[in-house]
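Engineer: Provide a 3D model corresponding to the input given below.
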Amino acid sequence: MRLTIISGAVRHQSKSNTAKIIGAFRQGFEAGGNTTKVWFLSDRRQWDSARAALQTEENVLFALPLYVENVPGILLEFLEGAAADAPPQACGRLSFLLQGGFPEASQSRCCEKFLKTLPGKLGREYGGTFIHGEMFGLSLLGEKRAKAMLKPFAEAGRRFAQAGRFQGADFANLSSPEYLSEKQIRQSRHFRPAQKCLLTVIARRLGCKTRLDARPLIEDTGKIKSSER
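Structural biologist: Numbering: from 1, shown residues only. Alright, predicted model coming up:
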């Protein structure tokens, strides 16, 4: 099978979590002799080639991060031109790989509903959406941890190569849980001090120089500055 992958991430490839996830997915997908071609919408020079592939290739996969509960604006802009060029009848299959920082799949269901509408508008059959969360720290927690976080995507790629789509029970155990259990929520409360320390480390790596609980708009008296009202 030959698969065209289009990354809908805004970040440049070198700094994109989605790019790393695509790399892991490709390893699993290509293990059986399949081939892939990847286009990155963060590089606008690739848009014409990506649109041409969307019109002609049999199997296309959009990989994207969850952005404000839906798709990134750069992907919407790309799709505006692609929809106008869609063939009148369904041709090929369109699938989606959706990743985000939230641990629960329920956080991505709004975006998934929107993605389900796209194949019909683009003259394609819907091939399902694979949702996997808790990926925020992928580029910040070290190589060993990143390798473990990417394993589900490599396995998803292997299974996708066999099924040709994300639909079915084979992907259920690889996706994020729909909701955290009560036990997981209780446990997370006990780890809040450790989580705060971890977030502080991540913030420092991202260039933050102030406390995470800083309140710059509040004066020592506890009142909001008059200029900020």
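Engineer: when you work out contacts or count neighbours from here on, use the C-alpha atoms and nothing else.
Structural biologist: OK.
Engineer: other SSEs contacting the longest helix along the chain?
Structural biologist: In terms of residue count, the longest helix belonging to the chain (DSSP state H) is helix 143-163. Using 3 or more Cα pairs under 8 Å, 6 or more residues apart in numbering; DSSP states H and E as the contact criterion, the elements in contact with helix 143-163 are helix 17-30.
Engineer: list the buried ones in the helix it packs on?
Structural biologist: Going by neighbour count (16 or more other Cα atoms under 10 Å), the buried part of helix 17-30 is 17-30.
Engineer: repeat for stretch 175-195
Structural biologist: Those would be Ser175, Ser176, Pro177, for stretch 175-195 by 16+ other Cα under 10 Å.
Engineer: is it true that the second one touches Glu104?
Structural biologist: Spelled out, that is Ser176. Yes: under the criterion of Cα atoms under 8 Å, Ser176 makes contact with Glu104 at 5.8 Å.
Engineer: can I get the longest helix of the chain as PDB, trimmed to CA atoms?
Structural biologist: Extracted C-alpha coordinates of helix 143-163, given in PDB (Å, rounded to 0.1, in the frame of the first residue of the first chain):
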ATOM      1  CA  GLU A 143      14.500  10.600  24.600                       C
ATOM      2  CA  LYS A 144      13.700   7.600  26.700                       C
ATOM      3  CA  ARG A 145      10.300   8.900  27.700                       C
ATOM      4  CA  ALA A 146       9.600  10.100  24.100                       C
ATOM      5  CA  LYS A 147      10.300   6.600  22.700                       C
ATOM      6  CA  ALA A 148       7.800   5.100  25.100                       C
ATOM      7  CA  MET A 149       5.200   7.700  24.200                       C
ATOM      8  CA  LEU A 150       5.600   7.000  20.400                       C
ATOM      9  CA  LYS A 151       5.100   3.200  20.700                       C
ATOM     10  CA  PRO A 152       1.300   3.300  20.200                       C
ATOM     11  CA  PHE A 153       1.700   5.300  17.000                       C
ATOM     12  CA  ALA A 154       4.200   2.800  15.500                       C
ATOM     13  CA  GLU A 155       1.700   0.000  16.400                       C
ATOM     14  CA  ALA A 156      -1.200   2.000  14.900                       C
ATOM     15  CA  GLY A 157       0.800   2.300  11.700                       C
ATOM     16  CA  ARG A 158       1.400  -1.400  11.600                       C
ATOM     17  CA  ARG A 159      -2.300  -2.200  12.100                       C
ATOM     18  CA  PHE A 160      -3.400   0.500   9.700                       C
ATOM     19  CA  ALA A 161      -1.300  -1.100   7.000                       C
ATOM     20  CA  GLN A 162      -3.300  -4.300   7.500                       C
ATOM     21  CA  ALA A 163      -6.700  -2.800   7.700                       C
END
